[in-house]
Every structure is written in C-alpha cells, then in structure tokens.
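Novice: Return atomic coordinates for the entry below.
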Amino acid sequence: AGAMSRCPSCGSAALVEDAHYAQQQLVCAACGCVLAEGLLTTTYSEEEQLREVAFSRSTGQREQRSRCVQRGIKRVQDLCKVLQLPRVLEEMAVSYLEQAMARPAFRLLSLDKKELLGGCCVLVSCRQHSWPLTMGTVCSLLYAKAELLAGVYRSLQTELELSVPALGLADLVKTHLNSFRLFQPAADVPAQFVEDKEKLVARTMQVVELAAETWLVTGRHPVPVVTAAAFLAWQSLQPAARLACGLARFCKLAGVDLPPPAHLRLRELQEILLRMASQLAWLRVLKLDEKRAAKHLGDILQHRVFLLRKSFRAEEEEEERVAGAPLPAGGDEQDKVRPSLGTEQQDEARRPLLPPCLLKPRKRLRTAAPSAAELALTGDEPISDSEIEQYLRGRDEEREFRKAKAWK
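Specialist: Modelled structure (predicted):
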C-alpha cells in the first residue's frame, strides 16, 4: 500500500490486503472499494496458455449474468438447435437478448413475456438474414399466443430501434408448406394424397400470385390465403382422387391448423377461377362449378395474364354499354361464341374482377342525426372581423384587409 495511501472513493487511509479466491487484493476497510486486484489463472478463454489475467476478465465475470439472462440465452440456443439455424444467427439472437435484458423496459416484464423474448430475438435475426421463419412457427415451438408474442416482438423492435424486413409471400409459402406431412408416405396418409414437395410449392406460388393480382391478399392475413391456395394446388395435381377431399380433412392430413377465414378465402379463389375458366373456349362447354374449377387449374394459370386482361376489360366495356357508347371492334365477341350459355352464366363471365370490398361491401355504421343547430346552418352566415383576423398570415394580407375595410 506504499504507492497508494488513501482510498480515492472515500479518502480513508484504512487500506488492507484481503485474500479473494487465494489472490491478494487491496481493499478500503471503510467503504469496501477494491483499489487493486491480484492475478489468477483463467479457465474462461485462455486456459490452454495458462496466462494470468485480472479477475474482471476471468470466469468470475460470468457470475455477473443474472439467472434470468442465463435462462434466456439457453432458451435461444435450444430454439436455434431445433430450427437448425446457422451459428451466425444464434450469436446475433443472443446479442439481441443481452441488449434487451439490459434495458429497464424488459427487466420489468412479466415472466410470461420474458419467456417469449428469446423467441422474438431469434425471429428478428432470421428476418434480417432473409431466413424464412414465421411468427406462427415460433408460437408453436414456445406454446405461446400469437397476440402476446406479437406485442413482445413490437416492443423489441421499438426499444432496440431494429430494422426488420417483412417476410415476403414467396418465403411464407415455402415456410408454411415445409410443415406439411404430405410429402412422405405415412400410415395415416393415403398413397394417392402424397405429393411431390417441389411441384406443390411451385403450383401454390402461382395460385398465391393470382390471389395477389386479384386483391385477395391486400388487407388480409396471409396464412389463410396460403392454406386455401395450397389446397387448390394439391387438388389440381391429381384431381381424380382429391376433388372429393375437403379443406378440413386436407389440413388434418397435412398436420396443420385450419385458420377460420380459410374457407372464405377458398370460396373467393374458386369464384375467380370459375370466372376465368368461363373465358376459355374449351372450358365453356363443360359447365364447371366452383369445386370442379380446380381440375383445370393448370390451364387457367397458363393463360393467367390473358384472362386477367380480358376480365379487366370487361369493366370498361360494361361502362361503355351503360353509357350508350359504341363498343370497340370485337367487344361483343364473347356473346357470339357462347350462345349455349344461360343469362346468369353470361352475366357471371362478363362480371369484372374487382376487390372483394367493392363486390361485397360491409355495412357501415349509421352516422348520428344532425342536431337542430347544425341543420340551421346554411353557409351564408356573416363572419366577424375577429374571426377573419385568425386566418391572416402576413403583412400583405393585413394591408389588403385594411384597404377593404376602408372602402366600406
């Protein structure tokens, strides 16, 4: 203690040498401040070289991590092993967890939300590296509610100011179909229901793109749309054996949950396929219904661009027909080539492709009836000078206003 006679923290001269883990340390007896610490052999990162390091760099530093952080890191590592993620994604997720647990906003979270924080860190690291992982997958692995996980996920983004790209539809289709149990023979899956994974993914992608082009994805949760698209694609690959299978049984065989809106998305997709099929000459004579339209899904998707353009033109032709304007050349060709169709079928074929919100608008709440004072307002009431002055913005306007008042 010759080099240091007083404590820099409290100024006391009561300095003693204390043995800590068999190493000498210079400690202030008054306030307990450690002025100098001895050296010890680490087993943390330099055990092989047997180099002596300070205690702050030794294995004792691990003790500074709380049990909550240690459990969170262990949960992140286990989750990464189950998902078979690369090492770089695991390290990034652990880093995000340590940053989050250092913030007061996350230290005060409830135990349920702390359990989900590790899964949110894994989800963020996967999204930033374009690794297809959905929130639903994380929820199923952690047995968590989607609403609770989404709240922790948004808090993590806001608190750490993270930029996380959204998961595209193509990635979502691949990720969602990876969980299907229809790609390998199983005891509870009939042989005619087993399908090649690449074929099903490719056909589902085409159906999802068609749904996006016809406004079925906008403003909707994507998982029901992908589920309905996968069902139609699966039926179309072997229609003879699969048309009798319903959506509920398909999801049960695939081992996935059936989202409640999937039936509505399926009906909307079937209506669009039926309308597009009515534009093809070799399909008009078959008198298809919504369920059997999936049988000819390959032909519809092959001519998708032409059929969409033709359906969009139908709206313009209908407007011109209502306005009494002459139709363009060939505009009435549809009615000439299909005289066998009934009136309802012709109307359905001519019906334009519009967003569902326009075809089936929701009932809006009625606004409150205007009061007597509001009904008495006509818009011709005089405006006082004090009210006009509230709208003046500059000296030029004030000068013009004074001139106008002087002319009165």
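Novice: For the stretch 51-200 of the chain, which segments count as helices?
Specialist: Remark: helices assigned in the stretch 51-200 of the chain by DSSP state H, counting those that start in this stretch are 67-83, 87-101, 104-107, 111-128, 135-142, 146-160, 169-178, 197-213.
Novice: want to throw those into JSON lines with distance to residue 9, mean neighbour count and mean pLDDT?
Specialist: To be clear about C-beta, it is placed using only N, CA and C from the backbone, and glycine gets the same treatment. Formatted as JSON lines, the helices of the stretch 51-200 of the chain follow (distance: least, CB to CB, whole Å; neighbours: other CB atoms under 10 Å; pLDDT from 0 to 100):
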{"stretch": "helix 67-83", "distance to residue 9": "28", "mean neighbour count": "16", "mean pLDDT": "86"}
{"stretch": "helix 87-101", "distance to residue 9": "29", "mean neighbour count": "18", "mean pLDDT": "90"}
{"stretch": "helix 104-107", "distance to residue 9": "26", "mean neighbour count": "13", "mean pLDDT": "82"}
{"stretch": "helix 111-128", "distance to residue 9": "35", "mean neighbour count": "22", "mean pLDDT": "88"}
{"stretch": "helix 135-142", "distance to residue 9": "45", "mean neighbour count": "18", "mean pLDDT": "84"}
{"stretch": "helix 146-160", "distance to residue 9": "33", "mean neighbour count": "16", "mean pLDDT": "89"}
{"stretch": "helix 169-178", "distance to residue 9": "56", "mean neighbour count": "18", "mean pLDDT": "81"}
{"stretch": "helix 197-213", "distance to residue 9": "66", "mean neighbour count": "18", "mean pLDDT": "90"}
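Novice: what's the closest of these to residue 397?
Specialist: Proximity to residue 397, assessed across the helices of the stretch 51-200 of the chain by CB to CB, is greatest for helix 146-160 (43.5 Å).
Novice: Next up, phi/psi of residue 131, please.
Specialist: Torsion angles at residue 131 (phi, psi; degrees, to the nearest 10) stand at phi -90, psi 120.
Novice: Count the residues that sit near it.
Specialist: 17 (other CB atoms under 10 Å).
Novice: what's near enough to touch it?
Specialist: 85, 89, 125 (CB atoms under 8 Å, 6 or more residues apart in numbering).
Novice: okay, now the domains of this structure?
Specialist: What the TED database lists as the domains of the chain is 1-43, 67-165, 170-319.
Novice: before we move on, the earlier item: looking at the helices of the stretch 51-200 of the chain, spot the one closest to residue 260.
Specialist: helix 146-160 (13.2 Å).
Novice: Need the contact partners of the closest one.
Specialist: Residues contacting helix 146-160 (CB under 8 Å, 6+ apart): 96, 99-100, 103, 105-106, 109, 112-113, 116-117, 119-121, 123-124, 135-136, 138-139, 142, 162, 164.
Novice: can you do 7 Å?
Specialist: Contacts with helix 146-160, where a contact means CB atoms under 7 Å, 6 or more residues apart in numbering, come from 96, 99-100, 103, 105-106, 112-113, 116-117, 119-120, 123-124, 135-136, 138-139, 162, 164.
Novice: same deal with stretch 102-109?
Specialist: With contact meaning CB under 7 Å, 6+ apart, stretch 102-109 is reached by 100-101, 117, 155, 159.
Novice: In those, find the pair that's most separated.
Specialist: Of all pairs in the contacts of stretch 102-109, the most separated under CB to CB is 101 and 155 at 12.8 Å.
Novice: what separates stretch 140-151 from the chain centre, distance-wise?
Specialist: 13 Å (CA atoms, centre = their mean, to the nearest Å).
Novice: likewise stretch 218-230?
Specialist: On CA atoms, centre = their mean, the centre of stretch 218-230 falls 12 Å from the chain's centre.
Novice: contacting residues around that stretch?
Specialist: Contacts to stretch 218-230, defined as CB under 7 Å, 6+ apart, come from residues 136, 169, 172-173, 176-177, 200, 204, 207-208, 211, 216-217, 251, 259, 261-262, 265-266, 269.
Novice: Can you give me the buried ones in it?
Specialist: By 16 or more other CB atoms under 10 Å, the buried positions in stretch 218-230 come out as 220, 222-230.
Novice: Which residue is the nearest non-sequential neighbour of residue 271?
Specialist: Nearest residue to residue 271 in three dimensions, chain neighbours excluded: residue 290, at 6.4 Å (CB to CB, 6 or more residues apart in numbering).
Novice: Return the alpha-carbon coordinates of stretch 240-249 using PDB.
Specialist: Written as PDB, here are the backbone C-alpha positions of stretch 240-249 (Å, rounded to 0.1, in the frame of the first residue of the first chain):
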ATOM      1  CA  ALA A 240     -59.500 -37.600 -59.900                       C
ATOM      2  CA  ALA A 241     -58.500 -38.800 -56.400                       C
ATOM      3  CA  ARG A 242     -58.600 -35.500 -54.500                       C
ATOM      4  CA  LEU A 243     -61.600 -33.400 -55.600                       C
ATOM      5  CA  ALA A 244     -63.700 -35.300 -53.000                       C
ATOM      6  CA  CYS A 245     -61.400 -34.300 -50.200                       C
ATOM      7  CA  GLY A 246     -62.400 -31.200 -48.200                       C
ATOM      8  CA  LEU A 247     -60.300 -28.400 -46.800                       C
ATOM      9  CA  ALA A 248     -60.700 -29.600 -43.200                       C
ATOM     10  CA  ARG A 249     -59.500 -33.100 -44.000                       C
END
